[in-house]
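Below are the sequence and a predicted model; questions follow.
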There are 2 protein chains.
Amino acid sequence: MRCKRCRSDLVAIKLPRHHTALCAGCFDHYVVDQVEKAIRQYRMFRRDEPVLVAVSGGKDSLGLWDLLHRMGYQTTGVHVQQGIDGYSGNSEAKSRAFAEANRLPLVVYDLNKEYGGGVTAIAETSHRNACSACGTVKRYAFNRIGRELGFQVVATGHNLDDEAARLLGNLLRWQIDYLAKQSPALPASHAKLIRKVKPLFRLTEREVAAYAVLRKIDYVIDECPMSHDAKSLQFKAVLNQLEHESPGTKQFFYLEFLRRQPLRGADPSAEGVLLNECARCGEPTTGELCGHCRLVAPLERMRQIQPGQRIDGGSDDAIGSVEPVAPVSTDWDA
Amino acid sequence: MRCKRCRSDLVAIKLPRHHTALCAGCFDHYVVDQVEKAIRQYRMFRRDEPVLVAVSGGKDSLGLWDLLHRMGYQTTGVHVQQGIDGYSGNSEAKSRAFAEANRLPLVVYDLNKEYGGGVTAIAETSHRNACSACGTVKRYAFNRIGRELGFQVVATGHNLDDEAARLLGNLLRWQIDYLAKQSPALPASHAKLIRKVKPLFRLTEREVAAYAVLRKIDYVIDECPMSHDAKSLQFKAVLNQLEHESPGTKQFFYLEFLRRQPLRGADPSAEGVLLNECARCGEPTTGELCGHCRLVAPLERMRQIQPGQRIDGGSDDAIGSVEPVAPVSTDWDA
């Protein structure tokens, strides 16, 4: 078997969904090309616009950071230290090591310092599922830190498998509100919200892992120990099964959904949603208290922490130069 | 464990999706109740309306025929003899045996007699997939025989697993036109079309099989040998996997789809579809030739058969009294 692009006989990876096989160099070219295509197609950010990259220490987020940095974007990482024993220390260490090796700035948002406990304590005191609690806190942190540092966009490492699994889950439960909005690029629907983009949405998990390995990125291999029964893993497993039987299934399922947007407009509640500011933290919310505050308030009360007060009284724990970035016009049509 | 309904300790079946377990008698009551609910909810047919039942000889169709007969409906069976070696003979025999034992009329539509070959020959000469060819011929036969005998409705044995698998397949391929129409009750959209209904759509495959076993129905157990790699079986398998992890998944997925109809109106081609009559057989079609005629024409040409001519020159092979039925008003709102 030969590389489909350069005819070299050193094939590094087969891509059944594209009926092709590529050598390491051409695979790298393919990955960069897919990310460029994603950014261009959804106008995720401009060449000159600083990008905040949400970094967990896994292959997807470090792969994304590596890609955007190589492609010449001005990037800053943000890592949420979740305080999960035997896991989060390693995640933070790998994120810091990548930042240092590439001389890139990284902000660390430490749940223990913010709320007096990690994601497990937050989930327990609020009687919430750990994965859902973790997602709420991360979304809050990425948006607040991004806005406070002057970023207008945060990029996450969600890949095609993540997005297809999310789509399947939303369809199985007919969560029309989520289906109507699901997109690799969410606009800023409020002055206090920054844009959220997913530049890896055209690449499968396997492709991103291969990229990270070929680039010798030192990432956390283990799945988060809290996610062992996460629904998303079940959805990924069945999609992989169908993909194995019919290569291209996953890609068609998600990309055709994006192309056709069949459920846009099917959400009667989508019109006229007014965002207020949370009575406790001031972040945008549809209710009186935002989801983040409802989530962390029980733990903060227990620990007798004032909202927004940090336990060490210090600022965000950052490495490198984390200066507020200059605002950049995002008037795409200009 | 006790029967949830009568507290008997002779539990015959557990129903995880309903968090319940039932004895044989109460399970029978449950099955009849679900079918009654289905018929009522979709106004499938009236008490006094003759119903044509499509019968393959499997658990679903014979279970359905048994149920409708027991519930007091005036039923006639129709069986398509597909001519698949080592399979179709048994299917026809079990269908005939059921009809005879219950003194019910049965019409047999024999592909060999109609077209000079079975489903394999039809699929081969038309370069079509056997499952798709079989579906086209059956839909044609059920509709034509039903209409010619004066029926206004044909019932098929599709169960919840069939319908959920079809929904999943349509979603994975975003077949919006099929998604917009998928329903347990299709109206007659042309004077030559009769209504198509699926009274078992609220019951899982496992429940219908249990019903057939408890009723001692002698049915064909083997899957059709042509369907070994049918996509629908793959979709059923992954849905069963998700159902096993979260009982109720399948039911919620399909019934909530029916309740919300999120894709009705998403098919831009649905408006203004005009049905013509096929230039060859006169059945309704959107084109010049209907799908059935495009499918069987190559085989008929090869066998030098005139369209509509039967090889034995005789009428439909029927047992019992297969008289045209008296028309019944279907003005539901009267």
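Done, it's in.

low-scoring stretches of the stretch 101-250 of chain A, by residue?
Scanning the stretch 101-250 of chain A for pLDDT under 70 picks out A:228-229.

Within range of chain B, give me the residues from it.
The stretch 101-250 of chain A comes close to chain B at residues A:171-174, A:176, A:179, A:231, A:234-235, A:237-238, A:241-242, A:245-246, A:249, as judged by CB under 8 Å from any CB of the partner chain. (Each C-beta comes from the backbone N, C-alpha and C, glycine too.)

again, only using 7 Å
A:L171, A:L172, A:R173, A:W174, A:I176, A:Q234, A:V238, A:Q241, A:L242, A:E245, A:T249 (CB under 7 Å from any CB of the partner chain).

In terms of helices and strands, where is the closest residue to chain B within the stretch 201-334 of chain A?
At 4.0 Å from chain B, A:V238 is the closest residue in the stretch 201-334 of chain A, using CB to the nearest CB. Using DSSP states H and E, A:V238 maps to helix A:231-245.

List the buried residues in that helix.
A:K231, A:Q234, A:F235, A:K236, A:V238, A:L239, A:N240, A:L242, A:E243 (16 or more other CB atoms under 10 Å in any protein chain shown).

now do stretch A:252-268
Neighbour counts over stretch A:252-268 (16+ other CB under 10 Å) mark A:F252, A:F253, A:Y254, A:L255, A:F257, A:L258, A:P262, A:L263, A:A266, A:D267 as buried.

Pull the number of nearby residues for the nearest residue to A:G282 once chain neighbours are set aside.
Leaving out its chain neighbours, the residue that sits closest to A:G282 by CB to CB, 6 or more residues apart in numbering or on different chains is A:K192, at 7.6 Å. Residues lying near A:K192 (other CB atoms under 10 Å in any protein chain shown) number 14.

A:K192 belongs to a strand?
No. Under the criterion used here (DSSP: H, G, I helix; E, B strand; the rest coil), A:K192 is coil, not part of a strand.

Wait, it touches A:G146, no?
No. Using CB atoms under 7 Å, A:K192 makes no contact with A:G146, being 10.6 Å away.

returning to that earlier point: would you list the phi and psi of the residue nearest to A:G282?
Per-residue torsions, A:K192: phi -90, psi 0 (degrees, to the nearest 10).

Now for it: which residues touch it?
By CB atoms under 7 Å, 6 or more residues apart in numbering or on different chains, the contact list for A:K192 reads A:R147, A:E283, A:P284.

How many residues are close by A:I221?
11.

let me redo that: A:V273
Counted with other CB under 10 Å, the neighbours of A:V273 add up to 10.

So the nearest residue to it once chain neighbours are set aside versus A:L275, what's the distance?
Of all residues not flanking A:V273 in the chain, A:T286 sits nearest, at 6.2 Å (CB to CB, 6+ apart). Going from A:T286 to A:L275 by CB to CB, to the nearest Å gives 6 Å.

Just want to know which of the two has more residues nearby.
Taking other CB under 10 Å, A:T286 and A:L275 do not tie; A:L275 has more neighbours (16 against 11).

got a list of what that one touches?
Shown in contact with A:L275 (CB under 7 Å, 6+ apart): A:S189, A:H190, A:P284, A:T285, A:T286.

next one: A:P187
Contacts of A:P187 (CB under 7 Å, 6+ apart): A:R195.

next one: A:W65
By CB under 7 Å, 6+ apart, the contact list for A:W65 reads A:V53, A:V55, A:T75, A:G77, A:F98.

rerun that using 10 Å as the cut-off
By CB atoms under 10 Å, 6 or more residues apart in numbering or on different chains, the contact set of A:W65 is A:51, A:53-55, A:73, A:75-77, A:95, A:98-99, A:102, A:104, A:106, A:155, A:157, A:217.

Likewise for A:M302?
For A:M302, the contact set (CB under 10 Å, 6+ apart) comprises A:Y115, A:G116, A:G117, A:A121, A:T125.

helix, strand or coil for A:Y109?
strand.

That one and A:R294: what is the separation?
Remark: distance between A:Y109 and A:R294 (CB to CB) = 19 Å.

of these two, who's got more company?
Higher neighbour count among A:Y109 and A:R294: A:Y109, with 21 against 17, using other CB under 10 Å.

For that one, give the beta-bridge partners.
Note on A:Y109: beta-bridge partners by DSSP bridges are A:V80.

my read: it touches A:K138, true?
Yes. Using CB atoms under 10 Å, A:Y109 is in contact with A:K138, at 8.6 Å.

Spit out the residues that contact those two alike.
In contact with both A:Y109 and A:K138: A:V78, A:H79, A:V80, A:Q82, using CB under 10 Å, 6+ apart.

For the last one, what are phi and psi?
Translated: A:Q82. phi -90, psi -10.

Please report the distance of it from A:S91.
From A:Q82 over to A:S91 (counting by CB to CB), the distance is 8 Å.

now do A:K181
From A:K181 across to A:S91, the span is 28 Å (CB to CB).

Run the chain-centre distance for the one helix or strand A:N143 maps to.
Using DSSP H and E, A:N143 falls within helix A:130-148. Centroid separation between helix A:130-148 and its chain, computed with CA atoms, centre = their mean, to the nearest Å, is 10 Å.

Buried residues, it. List them.
So helix A:130-148, judged by 16+ other CB under 10 Å, has buried residues A:130-131, A:133-134, A:136-147.

what's the answer for stretch A:93-109, then?
Within stretch A:93-109, the residues scored as buried using 16+ other CB under 10 Å are A:K94, A:S95, A:R96, A:F98, A:A99, A:N102, A:L104, A:P105, A:L106, A:V107, A:V108, A:Y109.

first to last residue in it, what's the distance?
Using CA to CA, to the nearest Å, the end-to-end distance of stretch A:93-109 comes out at 13 Å.

which residues of the stretch 151-300 of chain A fall in helices?
Using DSSP state H, counting those that start in this stretch, the helices assigned to the stretch 151-300 of chain A run over residues A:160-172, A:176-181, A:205-214, A:231-245, A:249-260, A:291-303.

List just the one of those that sits closest to A:F27.
Each of those has some distance to A:F27 by CB to CB; the shortest is helix A:205-214, at 6.8 Å.

mind listing what's buried in that closest one?
In helix A:205-214, counting by 16+ other CB under 10 Å, buried: A:E205, A:R206, A:E207, A:V208, A:A209, A:A210, A:Y211, A:A212.

same for it, what does it pack against?
Applying 3 or more CB pairs under 10 Å, 6 or more residues apart in numbering or on different chains; DSSP states H and E, we find helix A:205-214 packed against strand A:11-15, helix A:24-41, helix A:59-70, helix A:160-172, helix A:231-245.

how about 6 Å then?
Judged by 3 or more CB pairs under 6 Å, 6 or more residues apart in numbering or on different chains; DSSP states H and E, the packing partners of helix A:205-214 are helix A:59-70.

Please point out which parts of the helix it packs on sit buried.
Within helix A:59-70, the residues scored as buried using 16+ other CB under 10 Å are A:K59, A:D60, A:S61, A:L62, A:G63, A:L64, A:W65, A:D66, A:L67, A:L68, A:H69.

Setting aside sequence neighbours, what's the nearest residue to the third one?
Counting by CB to CB, 6+ apart, A:S61 lies nearest to A:G157, which is 3.7 Å off, once chain neighbours are set aside.
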